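1. Sequence and predicted model, in that order:
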Amino acid sequence: MISEGVGEYEADDIRKIVTRILHDLGNPEPPLNLTHLRALLNLNIGYYSTANTTLLQDVAARVRVGAKQVFERPMLLVEAVTKAKLSALWVPDTKRILIDETVPKPKHRWIEGHEVGHSIIPWHREFLFGDNEYTLDPVCHAIVEAEANYAASQMLFLQQRFSREARDSNLDFKSIKAIAGRFGNTLTTTLWRMVEDRDPAAPVFGMVTAHPHYPEIGTGDGGESIRYFIRSQAFREQFGSVTPETAFALVERNATRRKRGPVFDANDVLHNVNGQQCEFRMESFCNSHALLTYGVFVRVRPTLIAV
Ligand SMILES: [Zn+2]
């Protein structure tokens, strides 16, 4: 869902492809209708279960590269899917997107956007993509995953339509919720876009983390407290030395014991690359799955010189 990790030329190509698709859909109003999108692209969606493998076996039997069948034994695909704990698959030959039916419903839209992303990027066509929780994360190390996420964000947020609305809105959770509702996307993905797209020239960071007082909320499967650390372009340039741990320390210091809804609204300090103390306005909101936080630069604090 981000441009971080995507090359300039690739990002440009992906934007052009999405622009054409949105044009062919009649430049729709938000939210983007995924049924219409699939119909236009001639894609099918299927929901598989690792308990009942009929669909997966059926797909495996038909995956071919040229004339060669990829899976000599269809159970090999089933085993691969089960072992890697995949939550989705893109099967180019059959124009099928397969989603694990046990993945929570609110995540389906993003996952589907990501898999459609693989399908519309011409240089992804020769791969069979299996996506697990890790590669579907908005921050992925693999370039192709970042590209599929970028395509998903371009489609689901209707390109400039989102940037325009975001710029006309304040950066606060009230706006993030309103925009998430209008575009039909989750609070997390909307927070992400707001941090990166609303004003790339302003230093802004965002975090998706565990709740410091209730670790059962938001802690990752591997026990990690920090799920995502999101940064605007200006933040990356001016606050490159701020680690996810440094930013999370501010969340830990300010978090109240409120379990749901607004958790804190506070100003705190981060150092920029020149070592200056910079004040950030921060707001944190708990959607009961994780703690979402953003921080926006306010001012450089004047240095007090002792005489
Ligand atoms: Zn993928």
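-> Now that the structure is in, tell me what you want to look at.

2. contacts, neighbours, all on C-alpha from now
-> OK.

3. just the strands in the stretch 51-200 of the chain please.
-> Secondary structure of the stretch 51-200 of the chain, counting by DSSP state E, counting those that start in this stretch: strands at 64-65, 68-69, 86-91, 96-100, 129-132.

4. List the contacts of the nearest residue to Gln57 once chain neighbours are set aside.
-> Counting by CA to CA, 6 or more residues apart in numbering, Gln57 lies nearest to Pro74, which is 5.0 Å off, once chain neighbours are set aside. The neighbourhood of Pro74, defined by CA atoms under 8 Å, 6 or more residues apart in numbering, consists of 56-58, 60-61.

5. hmm, which of those residues are the buried ones?
-> In those, burial by neighbour count holds for 56-57, 60-61, counting by 16 or more other CA atoms under 10 Å.

6. so which pair among those residues is furthest apart in space?
-> For those, the maximum inter-member distance is 8.6 Å, found between Leu56 and Ala61 (CA to CA).

7. Let me see the contact set for Phe183.
-> Applying CA under 8 Å, 6+ apart as the definition, the contact partners of Phe183 turn out to be 30-32, 156-157.

8. and what of Ile176?
-> Ile176 sits next to 187, 190-191, 194 when contact means CA under 8 Å, 6+ apart.

9. Please identify which of the residues you listed is nearest to Met207.
-> Leu191 (8.9 Å).

10. Assign a three-state SS to the residue of the stretch 201-307 of the chain found nearest the ion, would you?
-> Using CA to the ion, the single residue of the stretch 201-307 of the chain nearest to the ion is Tyr228, 17.4 Å away. On the three-state scheme (DSSP: H, G, I helix; E, B strand; the rest coil), Tyr228 is labelled strand.

11. Name the nearest residue to it, ignoring sequence neighbours.
-> Using CA to CA, 6+ apart and skipping the chain neighbours, the partner closest in space to Tyr228 is Val208 (5.1 Å).

12. how long is stretch 150-162 from one end to the other?
-> Taking CA to CA, to the nearest Å as the measure, stretch 150-162 stretches 14 Å from start to finish.

13. Give me the below-cutoff pLDDT ranges for this protein.
-> Scanning the chain for pLDDT under 70 picks out the ranges 1-4, 64-71, 126-142, 305-307.
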